[in-house]
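>>> Compute the structure for the input listed below.
(chains A and B)
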Amino acid sequence: MTRWQYLLPLALFGVLVAFLGTGLKLDPREVPSPLINKPAPAFALPRLDDPAQQISLQDMAGKVWVLNVWASWCAPCLLEHPLFVDLAKRKPVTLVGLNYKDKREDALNWLRRHGDPYTATMADAKGLVAIDYGVYGVPETFVIDKQGQVRFKHVGPVTPEVMRQDIEPLLKALDV
Amino acid sequence: MIAALCWSVSGPVSARDALPATADPALEKRTMDLAAELRCLVCQNQTIADSDADLAVDLRNQVRRLLGEGKSEREVLDFMTARYGDFVLYRPPVKSSTALLWFGPPVLLVVGMFTLWTILRRRSRLSADRFDPDEYPEDDFDDHLAGTADAPVSRTAANRS
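So this is what the prediction gives:
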């Protein structure tokens, strides 16, 4: 056996460590979105505050906007909510809420209690628009550009890091 | 008293697995067969056929609706992967990106078996007394496998130490 052959198991171990190390950093439960850089799915839903009026994708044309999927029954949504309330105070961002499988009264009460940062909220009582957006839990947040393409999706509550490092820089870059 | 408590608790609980009477059993069967090919993204080790999660129920309803509208099974699966990606397919598709997943283990098995066979064959070519450490105390056995050993020093009962 030459000296190099002795090093072979060590090299294989190194390869294994590389694979395992990368794997440990990934979240196996997170499902990457196939919608990134694709057109945002069309929708037309009644407004939460005034069900007689509708919000549709066409209303967003030419705007950079953030879609935040939330529900009054969702605890992690409450965790991220102050970040959106704060964002809406600091920046003139178009923030659209998608109220997912909720009761109108509960949703309105929730906004009254915790603050309403949304330009508008639409009621997706059956969750069908959410399915079109590949939503599999609440909360989820999307950033959509002026051409109507989905540019970013975050699954789970938005953290200050995600807001600071991902969402806000993207909003700035897309708004040019 | 306890019996009364048990009755009151079990009252409002309904059996979740009682299926509603369906108008079309053939459609229902096709729906469930297809649902067994789709992953529940909430309980990710279950199919939407097995899972009780709300999303699983919603997605089953979508499958049923699409099949009822005359869509093919391929079209229903495409509908789901367009929204949720390949991960929603319970069996990963065979693509270049999943080649390592599908072919990695069999390839490793073949390589391992071949290595084992080669080593065993080489060892079987050596005569039996090579395996006795007393016969060849200075031997590096691995040199014999590689064919780089010194010529054996012959041992006789006379010069064996």
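>>> Pop the domain breakdown of chain B in here.
B:24-88, B:96-146 (automatic domain parsing).
>>> Let me know how buried the residue of chain B found nearest chain A is, in neighbour terms.
Closest to chain A within chain B is residue B:41: 3.8 Å, counting by CB to the nearest CB. (C-beta placed from N, C-alpha, C; glycine too.) Per other CB atoms under 10 Å in any protein chain shown, the neighbour tally for residue B:41 reads 24.
>>> Give the helix, strand or coil label for it.
Secondary structure, DSSP: H, G, I helix; E, B strand; the rest coil: residue B:41 is coil.
>>> Can you name the residues that contact it?
A:31, A:136-137, B:55, B:84, B:87-88 (CB atoms under 8 Å, 6 or more residues apart in numbering or on different chains).
>>> Where is the longest helix in chain A?
As assigned by DSSP state H, the longest helix anywhere in chain A is helix A:3-25.
>>> Restricting to C-alpha, output that helix in PDB.
C-alpha atoms of helix A:3-25 as PDB (Å, rounded to 0.1, in the frame of the first residue of the first chain):
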ATOM      1  CA  ARG A   3       1.000   6.300   1.400                       C
ATOM      2  CA  TRP A   4      -1.700   7.800  -0.800                       C
ATOM      3  CA  GLN A   5      -3.900   4.700  -0.500                       C
ATOM      4  CA  TYR A   6      -3.900   5.100   3.300                       C
ATOM      5  CA  LEU A   7      -5.200   8.600   2.800                       C
ATOM      6  CA  LEU A   8      -8.200   7.400   0.700                       C
ATOM      7  CA  PRO A   9     -10.500   6.600   3.700                       C
ATOM      8  CA  LEU A  10      -9.700  10.000   5.100                       C
ATOM      9  CA  ALA A  11     -10.600  11.700   1.800                       C
ATOM     10  CA  LEU A  12     -13.900   9.700   1.700                       C
ATOM     11  CA  PHE A  13     -14.600  10.800   5.200                       C
ATOM     12  CA  GLY A  14     -13.900  14.400   4.100                       C
ATOM     13  CA  VAL A  15     -16.500  14.100   1.300                       C
ATOM     14  CA  LEU A  16     -19.000  12.600   3.800                       C
ATOM     15  CA  VAL A  17     -18.400  15.500   6.200                       C
ATOM     16  CA  ALA A  18     -19.000  18.000   3.400                       C
ATOM     17  CA  PHE A  19     -22.300  16.400   2.500                       C
ATOM     18  CA  LEU A  20     -23.500  16.100   6.100                       C
ATOM     19  CA  GLY A  21     -22.300  19.600   7.000                       C
ATOM     20  CA  THR A  22     -24.200  21.100   4.100                       C
ATOM     21  CA  GLY A  23     -27.300  19.000   5.000                       C
ATOM     22  CA  LEU A  24     -27.300  20.100   8.600                       C
ATOM     23  CA  LYS A  25     -27.600  23.700   7.500                       C
END
